[in-house]
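Student: please work out how this folds:
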Amino acid sequence: MIENFERFTPEKVEKQLSGAVFSRQKDKSKQIFKDIITFDIETTSVDKERAVMYIWQVCVNGHCFYGRFWSEFQQFIQLLNNYGSRFYIWVHNLSFEFTFILKSILFLFPI
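Tutor: Numbering: from 1, shown residues only. Model prediction:
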């Protein structure tokens, strides 16, 4: 059940993760975040060849955050990485989301 749906800020995410539950792998090499994390984006077409993402959502154990910019999502992922744990993120429509993210990254950082 979703408890809260609010605009992303690093402080709000850190507060939510402060009570997070972790477990250790059998070989004790890494911590694993036990709460459920989900990810989804909403997009719209500009024309036949272009689309834009207008909102992203991440839910962590029933607490949902949303943002409008990829830079905010990158901040969210960095906050997760700061815990030094392994996280599993369930993605709605993974093939579409991955393709869209990849194209956005290549647009921002051309090879």
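Student: how about the nearest residue to Arg97, chain neighbours excluded?
Tutor: In this structure residue 97 is Glu, not Arg. Spatially, and ignoring its direct neighbours in sequence, Glu97 is nearest to Val91 (5.3 Å; CB to CB, 6 or more residues apart in numbering). C-betas here are computed from N, CA, C, even on glycine.
Student: got phi/psi on the one you found?
Tutor: With angles defined as degrees, to the nearest 10, Val91 sits at phi -120, psi 130.
Student: burial of it, as a residue count?
Tutor: 15 (other CB atoms under 10 Å).
Student: what's the answer for Lys12, then?
Tutor: 14.
Student: next, please give the residue ranges for the helices of this protein.
Tutor: Secondary structure of the chain (DSSP state H): helices at 10-17, 70-81, 94-108.
Student: include mean pLDDT when you put these into CSV, please.
Tutor: Conversion of the helices of the chain to CSV gives the following (pLDDT from 0 to 100):
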stretch, mean pLDDT
helix 10-17, 74
helix 70-81, 83
helix 94-108, 70
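Student: re the thing from before, where does the residue nearest to Glu97 land on pLDDT?
Tutor: Looking at Val91, its pLDDT is 87.
Student: wait, Gln75 sits on Glu11?
Tutor: No. With contact defined as CB atoms under 8 Å, Gln75 does not count as touching Glu11 (11.2 Å).
Student: which of the two has more residues huddled nearby?
Tutor: A direct count of neighbours by other CB under 10 Å for Gln75 and Glu11 places Gln75 higher, at 15 against 8.
Student: look up how far Cys59 lies from that one.
Tutor: To Cys59, Gln75 is 17 Å away according to CB to CB, to the nearest Å.
Student: ok so, going back, for the helices of the chain, which one sits closest to Asp35?
Tutor: helix 10-17 (8.6 Å; CB to CB).
Student: now for that closest one, which elements pack on it?
Tutor: Helix 10-17 sits against strand 51-60, strand 63-67, helix 70-81, with contacts defined as 3 or more CB pairs under 8 Å, 6 or more residues apart in numbering; DSSP states H and E.
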